[in-house]
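**Q** below are the sequence and a predicted model; questions follow.
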Amino acid sequence: METPVNSRTANGVATGGAGNLVLILDYGSQYTHLITRRIRQLSVLSLCISGTSTIDAIAKLKPRVVILSGGPHSVHAAGAPSFPDGFIEYAEEYGVFVLGICYGMQLLVQKLGGVVAVGEKQEYGKMEIAVPEGEWGLYGPEAIGGHQTVWMSHGDEAVKLPEGFTVVARSLQGSVAAIQNRSRRFYGLQYHPEVTHSTQGMETLRHFLLDVCGVNADWKMQDVLEEEIKVIKDKVGPDEHVICALSGGVDSTVAATLVHKAIGDRLHCVFVDNGLLRYKERDRVMSTFQSDLHLPVTCIDASEQFLSKLKGVKDPEMKRKIIGREFICIFDDFAQEQEEKLGKRPTFLVQGTLYPDVIESCPPPGSGMTHSHTIKSHHNVGGLPKEMKLKLIEPLKLLFKDEVRKMGSILNVPESFLKRHPFPGPGLAVRVLGDVTEGNALEILRQVDEIFIQSIKEAGLYDSIWQAFAVFLPVQSVGVQGDQRTHSHVVVLRAITSEDGMTADWYYFDHKFLVDVVRKICNNVRGVNRVCQDITSKPPATVEWE
Ligand SMILES: Nc1ncnc2c1ncn2[C@@H]1O[C@H](COP(=O)(O)OP(=O)(O)OP(=O)(O)O)[C@@H](O)[C@H]1O
Ligand SMILES: O=c1[nH]c(=O)c2[nH+]cn([C@@H]3O[C@H](COP(=O)(O)O)[C@@H](O)[C@H]3O)c2[nH]1
Ligand SMILES: NC(=O)CC[C@H](N)C(=O)O
Ligand SMILES: [Mg+2]
């Protein structure tokens with residue numbers, strides 16, 4: 001089981017020194033990624049691998065702490081995922097701390113000889129728990145003896161604890177909320193401390209990892225940056241060329257700047273007009289590339305190609321897959337053009353893929369996300385064709401959006417890029433529900449979106465909103481405009497706040513703002529007589545409508 005200090009993981013991240021890693025074993029919870037994030041926010045490196053990884057794969061990473069994630073399964077179900085045989089013995093032999101969260105806690109209870117049963121009542125949503133006076137451990141002195149609000153999402157519960165365990169918190173309904181066995185270093189939380197609705201969740205994780213487990217908080221973005229530059233230099237041969245798909249968004253701009261730092265002018269950037277861009281976006285993006293970014297970028301107008309392939313397609317996943325495929329065709333053609341120019345064909349494609357894109361798309365083998373459900377195929381991940389000539393470089397694949405922004409600011413990427421709201425690669429195709437080519441849906445949506453975004457900017461709200469956009473619905477409603485009956489389109493405005501796009505709340509505009517925007521839209525955009533606002537959080541909705 002011995003491995004060198006600072007060994008690198010399959011994902012290319014240095015472990016940051018033996019014995020300081022927090023390793024998450026994923027059992028498919030939609031929140032698993034958030035555990036990773038929260039821990040990184042504490043400046044502690046954390047990685048996530050499949051919950052059914054082998055004992056060797058776990059031991060190789062030399063974790064100080066292993067967190068067993070939540071998951072959709074019941075521990076009683078046939079084929080319910082579990083840690084490998086020998087894991088408990090390994091943890092005890094090497095003094096590894098183990099924290100089970102929700103399903104992870106139930107797994108720990110069951111495997112150590114306790115009993116998990118279907119609870120009388122399911123507990124979903126915000127709950128109050130009490131942490132009675134008792135021994136120090138999972139909770140520090142500030143939490144002990146008090147109440148806190150936590151986020152629960154479970155149907156099973158621990159009804160008999162394994163020997164040596166004590167209950168350190170209960171929900172006000174009486175179910176077990178937290179357990180520990182300090183001498184064996186095993187801990188469990190029935191709720192999700194990683195979700196912001198658990199008001200003291202972050203403090204609980206901090207206390208547990210830093211004070212109880214003695215993990216060092218020394219993981220820094222500067223180190224990640226230097227490590228990535230080194231990885232790219234090693235991967236790309238000295239006379240190999242690379243193309244970069246640049247969208248004008250935060251992720252690809254940071255990725256391009258990073259790769260440029262590593263390989264200089266062997267990087268060739270391409271921006272694609274797929275016919276699904278926003279109002280005047282092509283001109284605006286190309287001119288900011290020139291004025292602010294100083295990287296050579298080729299613009300390819302492929303709008304007809306994309307739109308003709310999308311004609312008549314209504315299914316959201318189909319649309320995403322078609323778009324992913326067309327992007328790759330364009331990149332291959334661009335590589336061919338470069339070959340004619342340079343006398344050498346570029347071998348790599350840089351994409352600004354982020355961790356959330358990977359988590360929510362079809363989980364690729366080896367990603368460690370094998371127990372999660374596919375939410376939607378992000379065009380740059382699940383939408384990619386199986387056979388690709390270009391090899392991928394995705395330097396941001398393990399980072400969340402706010403981490404990418406941090407990296408961008410270390411790289412001096414101009415704020416005009418870093419502060420932009422995210423815009424999905426499939427663009428307006430996931431905001432015009434149904435067939436995007438029907439009627440003048442795209443044109444109507446562009447106008448509505450522009451009015452909405454400009455109004456937000458004029459009101460000084462752009463930087464406090466994570467993402468805002470309009471959606472076109474393929475339905476018509478009756479209205480009265482200028483004393484005439486109209487039968488026109490319905491559009492929806494969506495604005496959210498979020499940290500990383502994985503969970504989101506809707507943004508609360510004041511009434512006057514909304515009244516003004518709706519008036520502007522109905523007065524200026526022909527074909528719209530009704531405007532709605534989407535006030536659904538994520539979950540249960542997603543950010544984009546498709
Ligand atoms: N119009 C485009 N032209 C070229 N590449 C694109 C285009 N749209 C998306 N891509 C590629 O797909 C990747 C994923 O798109 P995504 O929208 O998630 O990232 P982004 O545009 O870089 O950042 P943001 O999320 O802030 O919009 C991009 O990083 C880029 O590599
Ligand atoms: O590059 C992308 N390719 C895609 O296919 C894609 N789909 C969604 N998004 C963006 O991701 C964030 C989360 O969106 P969802 O809640 O709709 O999945 C939001 O910021 C979305 O705009 C995408 N980005
Ligand atoms: N969120 C979870 O991990 C749920 C665990 C298990 N599926 C239950 O319902 O109790
Ligand atoms: Mg984008």
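**A** On my side now, so go ahead. None of these values were measured; they are calculated from a predicted model. Residues are numbered from 1 along each chain as shown. Ligands and ions are numbered 1, 2, ... in the order given.

**Q** the residue of the stretch 301-450 of the chain found nearest ligand 4: neighbour count?
**A** Residue nearest to ligand 4 within the stretch 301-450 of the chain: residue 423 (4.1 Å; CB to the ion). In short, each C-beta sits where N, CA and C put it, glycine included. Residues near residue 423, counting by other CB atoms under 10 Å, number 20.

**Q** how much space between the closest residue to it other than its chain neighbours and residue 161?
**A** In this structure, residue 423 finds its nearest non-sequential neighbour in residue 249, 5.6 Å apart by CB to CB, 6 or more residues apart in numbering. Distance of residue 249 to residue 161, computed by CB to CB, to the nearest Å: 49 Å.

**Q** and residue 216, what's its pLDDT?
**A** At residue 216, the predicted lDDT confidence score is 93.

**Q** cool, and residue 439?
**A** In the prediction, the pLDDT value recorded for residue 439 is 94.

**Q** residue 374 too?
**A** Confidence score, pLDDT, at residue 374: 66.

**Q** ok, residue 10 next?
**A** At residue 10, the model reports a pLDDT of 32.

**Q** could you do residue 387 as well?
**A** We have a pLDDT of 73 for residue 387.

**Q** state the helix or strand in which it lies.
**A** Assessed by DSSP states H and E, residue 387 sits outside every helix and strand.

**Q** got phi/psi on it?
**A** The phi/psi pair for residue 387 (degrees, to the nearest 10) reads phi -100, psi 120.

**Q** list the contacts of it.
**A** Residues in contact with residue 387 (CB atoms under 8 Å, 6 or more residues apart in numbering): none are found.

**Q** same question, the one 5 residues further on
**A** Residues touching residue 392, when contacts are defined by CB under 8 Å, 6+ apart, comprise 348, 349, 350, 351.

**Q** around ligand 3, which positions in the chain sit nearby?
**A** Residues of the chain lying close to ligand 3 by CB under 6 Å from any ligand atom are 29, 70, 71, 72, 73, 74, 102, 103, 153, 154, 155, 156.

**Q** just the buried residues of these.
**A** For the residues of the chain next to ligand 3, a burial check counting by 16 or more other CB atoms under 10 Å picks out 29, 70, 71, 73, 102, 103, 153, 154, 156.

**Q** now the last one, which residues is it bridged with?
**A** Going back to what we said before, that points to residue 156. Counting by DSSP bridges, residue 156 forms beta bridges with residue 118.

**Q** test my guess that it contacts residue 72.
**A** No: the criterion here is CB atoms under 8 Å, and residue 156 misses it with residue 72 at 11.3 Å.

**Q** tell me which stretches of the stretch 251-400 of the chain form strands.
**A** Counting by DSSP state E, counting those that start in this stretch, the segments of the stretch 251-400 of the chain that form strands are 267-273, 297-301, 348-350, 391-393.

**Q** residue 524 versus the residue of the stretch 301-450 of the chain closest to ligand 4, what's the distance?
**A** Separation of residue 423 from residue 524 (CB to CB): 22 Å.

**Q** just residue 543 next, same as before
**A** According to CB to CB, residue 543 and residue 524 sit 26 Å apart.

**Q** who has more neighbours out of these two?
**A** Per other CB under 10 Å, whichever of residue 543 and residue 524 has more neighbours is residue 543, with 19 against 12.

**Q** pick out the residue closest to the middle of this structure.
**A** The centre of the chain sits closest to residue 356, judged by CA atoms, centre = their mean, with a distance of 2.2 Å.

**Q** any figure for the gap between it and residue 185?
**A** Per CB to CB, residue 356 is found 32 Å from residue 185.

**Q** name the residue most distant from the centre of this structure?
**A** Here the centre of the chain is the reference, and by CA atoms, centre = their mean the most remote residue is residue 483, at 47.8 Å.

**Q** so what pLDDT did that residue get?
**A** 85.

**Q** swap in the one 5 residues further on?
**A** The per-residue pLDDT reported for residue 488 equals 96.

**Q** list the helices and strands the host helix or strand of it packs on?
**A** Following DSSP H and E, one finds residue 488 within strand 484-498. Applying 3 or more CB pairs under 8 Å, 6 or more residues apart in numbering; DSSP states H and E, we find strand 484-498 packed against helix 441-458, strand 467-481, strand 504-506, strand 528-533.
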